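In: Fold the following for me, if possible:
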Amino acid sequence: MAAQTNHTRRIGDVEVSAIGLGGMPMSIEGRPDEARSIATIHAALDLGITLIDTADAYHLTATDVGHNESLIAKALASYGGDTSKVLVATKGGHQRPGDGSWTVDGSPAHLKEAADESLKRLGVEAIGLYQFHRPDPKTPYADSIGAIRDLLDAGKIRMAGISNANPAQIKQANEILGGRLVSVQNQFSPAFRSSEPELELCDELGIAFLPWAPLGGISNAGDLGSKHPAFHRLAADLGVSPQRVTLAWLLAKSPHVVPIPGSSRPETIRDSYAALDLELTPDQVATLDAA
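Out: Numbering: from 1, shown residues only. Next up, the predicted model:
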């Protein structure tokens, strides 16, 4: 195994860049034209980003399900460099009927069908990391995770993860998967810190923790500094963006954290990646923790 550096972390048996690229802004409301999206993905690859997070639910209408998966596959295929080390993580179990709403379907039949469709769109023999997107109150959690286990056993996915899970669900999923749970993707940001117990459990179990919306989400990321004065002040002192400080803070919280900031512009993913070279002191981290 390759040694971890300040710029890399591990998800299961795979070494990835310690900052990933979240693909959602390139496919839902407000998405840019395809050329800019592909330029953003290529910029991420140029930097050395080797984790791209997507989902079959990142689309606009019922007629373009999996838009983001197809976009990422196209960007990878058109990139001039080596993409063999890129881990594409996708998700199933969340749906968008096409009216802007979000629904869930965690039934085993749906998850297995969704994984098959994701395989086709991504154009791979096995999905690198497949994550159960969100618990479905209509389906026992054990049944949903059982479907993920079956996909893993069948070789259709290389690694298994879960998203939007609580500690009990993390433990249950890991047990059902026979200790093969490699990642938990929960919301975590300066504005949303209630996933601390899940992060602590991931540390205990040695599981990667992937904060989604680490900068506050698409509509809030630009205002992060004005909404969180402590992050703004430290960013001003250091001469960097509040967004960069936020990602450095998340990285400092645990060696298992791999933030996946969403981006739809080359310049924003470049700024996010630069957080890997921003090392905060313990006092600075403590100040932000307390903010």
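In: Could I get the contacting residues of Val14?
Out: Leu87, Gly128, Met159 (CB atoms under 8 Å, 6 or more residues apart in numbering). Using the backbone N, CA and C atoms, a C-beta is placed for each residue, glycine as well.
In: what about 7 Å?
Out: If a contact means CB atoms under 7 Å, 6 or more residues apart in numbering, then Val14 has Leu87 as its contacts.
In: beta partners of it?
Out: Following DSSP bridges, Val14 is listed with bridge partners Ile11.
In: And the closest residue to Asp143 other than its chain neighbours, what's its pLDDT?
Out: Nearest non-adjacent residue to Asp143, counting by CB to CB, 6 or more residues apart in numbering: Pro108, 5.7 Å away. Listed pLDDT for Pro108 reads 98.
In: my read: Pro108 touches Ala147, true?
Out: Yes: counting by CB atoms under 7 Å, Pro108 touches Ala147, with 3.7 Å between them.
In: With neighbour numbers in mind, choose between these two.
Out: Ala147 (23 against 16; other CB atoms under 10 Å).
In: quick one, what contacts the more buried one?
Out: Pro108, Leu111, Lys112.
In: Let's verify it: helix, strand, or coil?
Out: helix (DSSP: H, G, I helix; E, B strand; the rest coil).
In: do you know how far it is from Ala230?
Out: When distance is defined by CB to CB, to the nearest Å, Ala147 is 43 Å away from Ala230.
In: quick one: contacts for Asn186?
Out: Ser163, Asn164, Ala165, Ser195, Glu198, Pro211, Trp212.
In: Let me have the residues you listed in CSV, adding secondary structure, pLDDT and neighbour count as columns.
Out: Output for these, formatted as CSV (DSSP: H, G, I helix; E, B strand; the rest coil; pLDDT from 0 to 100; neighbours: other CB atoms under 10 Å):
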residue, secondary structure, pLDDT, neighbour count
Ser163, strand, 98, 22
Asn164, coil, 98, 21
Ala165, coil, 98, 25
Ser195, coil, 97, 23
Glu198, helix, 98, 22
Pro211, strand, 98, 27
Trp212, strand, 97, 21
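In: Tell me which two of these sit farthest apart.
Out: Within those, two members stand farthest from each other by CB to CB: Ala165 and Pro211, at 13.3 Å.
In: for stretch 244-263, how far is the first residue from the last?
Out: Stretch 244-263 has an end-to-end distance of 13 Å (CA to CA, to the nearest Å).
In: same check, this time on stretch 78-95
Out: Calculated as CA to CA, the first-to-last residue distance of stretch 78-95 is 28 Å.
In: Any regions of the chain where pLDDT drops low?
Out: Low-confidence segments of the chain (pLDDT under 70): 1-5.
In: ok, and the residue located most distally from the centre of it, which helix or strand is that part of?
Out: The centre of the chain is farthest from one residue, Asp237, which by CA atoms, centre = their mean lies 29.2 Å away. Using DSSP states H and E, Asp237 maps to helix 229-238.
In: Spatially nearest residue to Ala221, not counting backbone neighbours?
Out: Nearest residue to Ala221 in three dimensions, chain neighbours excluded: Leu215, at 3.9 Å (CB to CB, 6+ apart).
In: what kind of secondary structure is the one you found in?
Out: Applying three-state DSSP: Leu215 is coil.
In: which residues touch it?
Out: Taking CB under 7 Å, 6+ apart as the test, what Leu215 contacts is Ser189, Ala221, Leu224, Gln243, Thr246, Pro261.
In: how near is it to Ala89?
Out: Distance check for Leu215 against Ala89: by CB to CB, it reads 18 Å.
In: all helices of the stretch 1-150 of the chain, in order?
Out: When assigned using DSSP state H, counting those that start in this stretch, the helices of the stretch 1-150 of the chain occupy the ranges 34-47, 67-78, 108-122, 141-153.
In: Show residues contacting the first one.
Out: So the one you mean is helix 34-47. Here helix 34-47 has contacts from 21, 26, 71-72, 74-75, 78-79, 81, 83, 263-266, 269-270, 273, using CB under 7 Å, 6+ apart.
In: And for the shortest one?
Out: Taking contacts as CB under 7 Å, 6+ apart, the residues outside helix 67-78 that touch it are 23-24, 26-27, 34, 37-38, 41-42, 52, 54-56, 58-60, 83, 86, 88, 90, 118, 121-123.
In: now swap in the longest one and tell me
Out: Helix 108-122 is touched from outside by 56, 66, 69-70, 73, 88, 90, 92-93, 127, 130, 143-144, 146-148, 151, 156-157, with contacts defined as CB under 7 Å, 6+ apart.
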